[in-house]
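Asker: only the shape, not the letters, is given here:
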Ligand SMILES: Cc1cc2nc3c(=O)[nH]c(=O)nc-3n(C[C@H](O)[C@H](O)[C@H](O)COP(=O)(O)O)c2cc1C
């Protein structure tokens with residue numbers, strides 16, 4: 001089963017998060033995860049169309065998603081995402097910087113596209129991931145740093161892949 005992780009990133013924190021999600025997906029037997037920057041989505045449309053689930057994520061810009069992610073979502077109708085499992089993640093500079101608003105907004109866009117949205121919520125126990133995983137880099141808050149959040153992304157990716165297998169394999 002193919003799953004896709006589509007991300008926007010300028011300084012690679014969100015790219016790293018996308019890689020960790022794909023790493024977690026790869027822990028599930030039979031899953032092949034493809035990782036694409038939003039600018040590469042069109043060139044990989046065939047893979048994305050054939051994927052059973054797509055997780056999307058981006059940096060937090062002024063407490064909303066990046067323009068590139070919004071542009072991607074506005075044009076995503078052609079990718080046939082309806083009926084696929086959908087998920088979202090974000091990175092930010094501040095713990096209070098609005099990353100969960102970004103995730104919420106991506107999930108709303110996915111619902112509009114007809115996707116079946118997944119967070120895991122409290123159903124899998126700890127770590128409880130209410131909407132989607134968030135990573136805070138250490139550009140400003142020195143007690144943070146993406147490595148501190150790695151497990152959330154890998155665990156989320158694994159849970160997402162298990163659910164996709166349960167639903168679609
Ligand atoms: C234009 C701009 C606006 C930003 N706005 C926020 C913000 O509202 N809240 C926040 O916590 N971080 C904000 N950041 C920081 C980024 O979200 C954060 O550094 C992110 O991890 C960068 O991801 P990337 O390395 O994948 O590009 C902003 C960064 C830029 C460039």
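Answerer: Good, I have the coordinates. All figures in this text were calculated on a predicted structure; none of them were measured in a lab.
Asker: so whatever residue of the chain ends up closest to the ligand, which state does it fall into?
Answerer: Going by C-beta to the nearest ligand atom, the ligand is nearest to residue 97 of the chain, at 1.8 Å. Just so you know, the C-beta spots here come from the backbone N, C-alpha and C atoms, and that holds for glycine as well. Here residue 97 is recorded as coil under DSSP: H, G, I helix; E, B strand; the rest coil.
Asker: can you tell me how far the closest residue to it other than its chain neighbours is from residue 1?
Answerer: Distances taken as C-beta to C-beta, 6 or more residues apart in numbering place residue 60 nearest to residue 97, at 5.4 Å, with adjacent residues excluded. Distance, residue 60 to residue 1, by C-beta to C-beta, to the nearest Å: 30 Å.
Asker: same question, residue 127
Answerer: With C-beta to C-beta as the criterion, residue 127 and residue 1 are 24 Å apart.
Asker: neighbour count winner among those two?
Answerer: residue 1 (18 against 12; other C-beta atoms under 10 Å).
Asker: wait, that one sits on residue 33?
Answerer: No. Residue 1 is beyond contact range of residue 33, at 9.7 Å (criterion: C-beta atoms under 8 Å).
Asker: joint contacts of the two?
Answerer: residue 161 (C-beta atoms under 8 Å, 6 or more residues apart in numbering).
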